[in-house]
Each structure stands twice: as C-alpha cells, then as structure tokens.
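Trainee: what follows is a predicted protein model with its sequence.
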Amino acid sequence: MSAPALGAGSITGVFVRLKLSLLRNGMRQSSGKSAAFVGSLVLAVLVGALGLLAMVALRQSAYGPDAGVVLTVMIAVGWLFLPLFIGVDETLDPGRLAMLPLRPRPLLVAQLASGLVGGGPLFTLLLLVGAAVVAVNGTAAALVAVLAVPLTLLFCVTLSRAVATANARLLTSRRGRDLAVLSGLVVAFGLQGLNLGLSQLADEDGSLAPVGTMADVLRWFPPGTAVQAVGLADEGSIGLAVLALAGTAAGWLLLLAWWQRVLTALLTTPDQSTLQPPGEAGGVRAGRERGLAGWLPTGRTGTVMLRVLRYAWRDPKAKMSWATSLGMGLLLPVIFGVQGEGSVYLSCWAAGLLGLLMYNQFGGDYSGFWLVTQTISSPRDAFVELRARTLVICLLGTPLLLVVVVGTAALFDDWAALPTGLGVCAALFGSLMAAGALATAWFPYSIPQEGAMKNVAPGQSGLAWGGILAGMLVGGVLTLPVLLLAFALRDGSSGWLLVPVGVVWGFALCWAGLWVAARRVANRLPEILAAVSKG
C-alpha cells in the first residue's frame, strides 16, 4: 500500500522548519561560519535600512517614483541570478525529493514558503518598502503599496526558485559550480558596462534624468508595474493602478505555472546525463583529445601544455583566473579611456593582467604537485615544465594583447603611438612572465580547492602578496629601458623599431627568468610541495 500524499498545509511547516534547521546547522559547523552568518544578517539589515532611508529622502524629488521602479526591477534581476551565485539548498534539490510522497502543488507552496526565510528576503523587503513609499502621498497610494510590496516580494522569490528548480541538476554538478564562479565575473563586467552607459546618459548637473529614461521602459515589465501602480494611485488613476497591479500578479501566476510544470517534470523523469551511451561518449572524448594534442608539441612540452589547458577549462578557480585576466584585459582600457583621456599605453593593463597568470604556477596543483615532482630530476626537466606552462599563457595571451593594442589605437585614433605601444606591451609581458617564474620558485603558496572566494591558504597571505608585489616591481624595473626608448622615439617614424626591440627584450627576459627559476625549482622540490599542499 502506497503512502498517502501530504497536503500543502502539512508540509509547508516542515519545509520552513527544515530551512531553519539548515541555517542553524550551518552556523554550528564552526565559529567562523556563525560569525559570518550573523555578520551577513546584520549587514543585510543595515544596508536595507540605508536603502529604505535613501528612497524616503527621494520623496521630494521629481524622479523619486522613477527611482523606485528602477530599483524594483534591479532587485528582480538580482533574484534571477541568485541561484548562480549561491547554488541551491536541500529544499530545492529534486534528487532529494523525488522519492518522497509529495505532489507538485503542495511541494511548490512549501518551497515558496521556505524561500521567504532568511536574510535575503528581509533585505529585499526593506528595499521594496522604500521603492513603494517614495511614491506614497495619499491613502489610496498607501493601500496599493500594502498590496504591491508583498506581491513583488513573492514575485522575486518565485522567480529565483523557479529558475533554481529548472537548473537544479546543472547547479549541483561540476559545471554548475563552474558557472557559479564565472557568473560573478559576468555580473562584474555587466556592472561596468552599466556604469559606462549611465555615465553617457547622465546630465552635466548630476541629476537623476537617466533614471527617468530607464523607468520609461522598465515600468511596463513586472514587477515594475506593481510599483508603478502606487504612483498611478497617488495620481488618482485608480483604474490604471489596478491594471498595473494585475500585470505583476499575472506575471507571478505565470511563473508559478511554469515552476509547477518544471517541478513535475523533474520529479517524474530520470536524469538523462547519466544515461549517455558509454561507447559513444568515450569515442568523442578520445577524438577530441587526439585532435587537440595533434596541434601541440611532442614530448613533455606538449603533455604539460595539454594538462594546463585542461585545468584552465575544468578547474573553477583556474577558469576564474583566466576569465578575469582575459576579460578585464579587454575591458579596462575601454573603461579608463571612456572616463578620461586615453592612449595606446592603457593596453599595458592587458599585459599586466596576463603576466599575473604566471605567478604561483604550482599552487593550483595542490597536493597533485607530487606527481610533477616525480618527473623532475634535473634543472632541465624543471625548465621544460615551466616553459610549457609559459607557452600556454603566450598561446592564449599574445593574440589578445595584439587585439587590445590595435583596438586601443583605433578607439583613441592614436595610430602614431601604435608601434611604441606594441613594443612596450611586449617588453612588459615578457618581464612579468620572467618575474612570475621567479615568484613561482621563491614564493609558492597553496590555493585551496574548497571555497569560491578563498584563494590563499591560512597563514600564507603575506607570502602571496609579497610575491606578487615584488614581481610587479621587478617587472616594472625590467621594462623601464624599453619604456624610456619608447618616449624617445614616440614622435618619429623610427617608432616601428621599438616593436622588434620590445619583442626581443621581453623574450630574453622571459627565457632568463625561466632558466634561473628552473634551478631553484629543481633544488627545492620538497619545500615547494609542502608549501602548495597546505589547506
């Protein structure tokens, strides 16, 4: 006889208590996690209260209601991407719920109720109250705000939980963890783009006119229509206020319907990712490896390069480092150029960020560096190991550096400085690669595998920062001769001579740095292994 299905009322309390238990047990793991949870909760309340006060201060501004609309939509966008940052908790994992006698509709209500527990909903509630209060000047608007605020909060939580449920199997996999790491970079790049867009729209007097321009578009989309309803009610347009409020309610109901459909499918269908034919999958993988390895050098160099490329693609932290260097190398020259006077020499940011990839080459191997030590028996072996890692950075970084320099010259119409820019960037890139090789040999440190934001093992922060700062200083000093030559040739047609000079200088410095670092690595393998294995 099958177990009876539980109703919504009986399991909602269970899920709320489960969410509270998860929070409580998470704090009990260590005093550090308890302090982090309490600190984050206090910070959420403080920031939310400050946001509420800031919106109240805009009540006398003509753009106050528009700011409330924009803030509401931005909050909804934040809830949309929330699962990508923090993953999903056990109350949303269908793998833990499929075997329980739960029907989709009661389960949906219970998950929604558990989603309203925590610091995030409290922070959102404070901001939404501010977004609604800014447009309240009468009784009708106050009544509409009483309905709009909880409706908008339900819309945001439902949006986040529906997206998390639809991607639950992805977010609990290795690819999902990679996505959680990279999503922070995507949002950071997006915020920089938004900042540039607002700076172009902003008036010279610093008014909130750009907010009004954005609100003209966002007020027609849920949940912006709910806050817009408050303003319409304050103006006396009760009928339009009801329609605007109904727009957000309709959007919420559509989200609930989609969420229920996705939840039903997840509870009744197997995970297809585990049902791939093993022969076909293995054949494709092997073919890809043969195709990639065919383009790489033979022997130890090609083997090390292939291993580093795999780490860069599969390891979340290695992927984050590569994405940060490549993405910010492209973005920073544009940001600084748009905000002020720009020149080709802004492309040195790209060379600097690419050079940072060479620092602490063995830290990402963690205890797996033990396997590397078994293959190094002489300075020559260490040199080949470091050279192969350097070639990977050059393979991916050199085309990017060329694009950044040429693109910066085109952006600022500074073609006369293009040759000197190429020479200086080549020299800086080579000098930083040399400094990075030396820092790898003299200042190794461990990169913990757990924790997305923890990139240095406890007790090694000073070692990490010291190596990076010393390497940047050494790299700058080594680039100084080429930089002085660039200033001497910047006005003449002989500036193109700096291109081969910079390339040869950077190559020579990189080769010398690898040669010196290889001897240090070969003589200090046990110490390096101990340093990179701390966690």
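Mentor: Cool, the structure landed. Predicted, not measured: the structure shown is a model, and the values here were computed from it.
Trainee: helices of the stretch 401-535 of the chain, start to end?
Mentor: Taking DSSP state H, counting those that start in this stretch as the test, the helices found in the stretch 401-535 of the chain are 418-442, 461-489, 498-523, 525-532.
Trainee: in the second one, what counts as buried?
Mentor: Spelled out, that is helix 461-489. Across helix 461-489, burial judged by 16 or more other CB atoms under 10 Å covers 463-464, 467-468, 471-472, 474-475, 478-479, 482-483, 485-486, 489. Quick note: C-beta positions are derived from backbone N, CA and C, even for glycine.
Trainee: show me how far it is from its chain's centre.
Mentor: 28 Å (CA atoms, centre = their mean, to the nearest Å).
Trainee: turn the helices of the stretch 401-535 of the chain into TSV, columns for distance to residue 43 and mean pLDDT.
Mentor: Compiled in TSV, the helices of the stretch 401-535 of the chain are given as follows (distance: least, CB to CB, whole Å; pLDDT from 0 to 100):
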stretch	distance to residue 43	mean pLDDT
helix 418-442	35	89
helix 461-489	23	81
helix 498-523	43	92
helix 525-532	34	87
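Trainee: quick one: which of those is nearest residue 149?
Mentor: Proximity to residue 149 (CB to CB) singles out helix 461-489 among the helices of the stretch 401-535 of the chain, at 43.3 Å.
Trainee: got the angle between the closest one and helix 498-523?
Mentor: 160 degrees (axes from the mean of the first three to the mean of the last three CA atoms, to 10 degrees).
Trainee: what's helix 461-489 packed up against?
Mentor: Using 3 or more CB pairs under 8 Å, 6 or more residues apart in numbering; DSSP states H and E as the contact test, the elements touching helix 461-489 are helix 348-356, helix 418-442, helix 498-523.
Trainee: and the first one, what does it pack against?
Mentor: With contacts defined as 3+ CB pairs under 8 Å, 6+ apart, the packing partners of helix 348-356 are helix 316-339, helix 379-411, helix 418-442, helix 461-489.
Trainee: so residue 258 touches residue 163, yeah?
Mentor: No - counting by CB atoms under 8 Å, residue 258 does not reach residue 163; the two are 9.8 Å apart.
Trainee: more neighbours: those two, which one.
Mentor: Remark: of residue 258 and residue 163, residue 163 carries more neighbours, 22 against 16, as counted by other CB atoms under 10 Å.
Trainee: and the helix or strand hosting that one, how far out from the chain middle?
Mentor: Per DSSP states H and E, residue 163 falls inside helix 139-166. Offset of helix 139-166 from its chain centre (CA atoms, centre = their mean): 27 Å.
Trainee: tell me the mean pLDDT over it?
Mentor: For helix 139-166, mean pLDDT is 88.
Trainee: in that helix, what's buried?
Mentor: When burial is assessed from 16+ other CB under 10 Å, helix 139-166 yields the following buried residues: 140-141, 144-145, 147-149, 151-166.
Trainee: and the closest residue in space to residue 110 that isn't next to it in sequence, helix, strand or coil?
Mentor: Leaving aside its chain neighbours, residue 110 sits nearest to residue 15 (3.9 Å; criterion: CB to CB, 6 or more residues apart in numbering). For residue 15, the assignment made with DSSP: H, G, I helix; E, B strand; the rest coil gives helix.
Trainee: does residue 15 touch residue 111 like I think?
Mentor: Yes - contact criterion CB under 8 Å: residue 15 and residue 111 qualify, at 6.4 Å.
Trainee: can you list the residue ranges for helices in the stretch 201-350 of the chain?
Mentor: Under DSSP H, counting those that start in this stretch, the stretch 201-350 of the chain gives helices at 209-218, 224-234, 238-268, 278-293, 299-314, 316-339, 348-356.
Trainee: nearest to residue 514, out of these?
Mentor: Minimum separation from residue 514 across those (CB to CB) falls at helix 299-314, 12.5 Å.
Trainee: how about that closest one as CSV, C-alpha atoms only?
Mentor: This file holds the C-alpha atoms of helix 299-314, laid out as CSV (Å, rounded to 0.1, in the frame of the first residue of the first chain):
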residue,chain,number,x,y,z
GLY,A,299,57.2,15.1,-25.7
ARG,A,300,57.0,16.6,-22.2
THR,A,301,56.2,20.1,-23.5
GLY,A,302,53.0,19.0,-25.3
THR,A,303,51.9,16.9,-22.4
VAL,A,304,52.3,19.7,-19.8
MET,A,305,50.6,22.2,-22.2
LEU,A,306,47.6,19.9,-22.6
ARG,A,307,47.3,19.4,-18.8
VAL,A,308,47.4,23.1,-18.1
LEU,A,309,44.8,23.7,-20.8
ARG,A,310,42.5,21.1,-19.3
TYR,A,311,42.9,22.7,-15.8
ALA,A,312,42.1,26.1,-17.3
TRP,A,313,38.9,24.6,-18.7
ARG,A,314,37.8,22.3,-15.9
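Trainee: list the buried residues of that helix.
Mentor: For helix 299-314, burial by neighbour count (16+ other CB under 10 Å) applies to 301, 302, 303, 304, 305, 306, 307, 308, 309, 311, 312.
Trainee: of the residues you listed, which is the nearest to residue 400?
Mentor: Using CB to CB, residue 312 is the member of the buried residues of helix 299-314 that lies nearest residue 400, at 13.9 Å.
Trainee: what sits against that closest one?
Mentor: By CB atoms under 8 Å, 6 or more residues apart in numbering, residue 312 lies in contact with 318, 319, 322, 392.
Trainee: tell me how far the closest residue to the third one other than its chain neighbours lies from residue 364.
Mentor: By that I understand residue 322. With sequence-adjacent residues excluded and distances taken as CB to CB, 6+ apart, residue 322 is closest to residue 312, at 5.1 Å. Residue 312 sits 9 Å away from residue 364, going by CB to CB, to the nearest Å.
Trainee: thanks a lot, catch you later.
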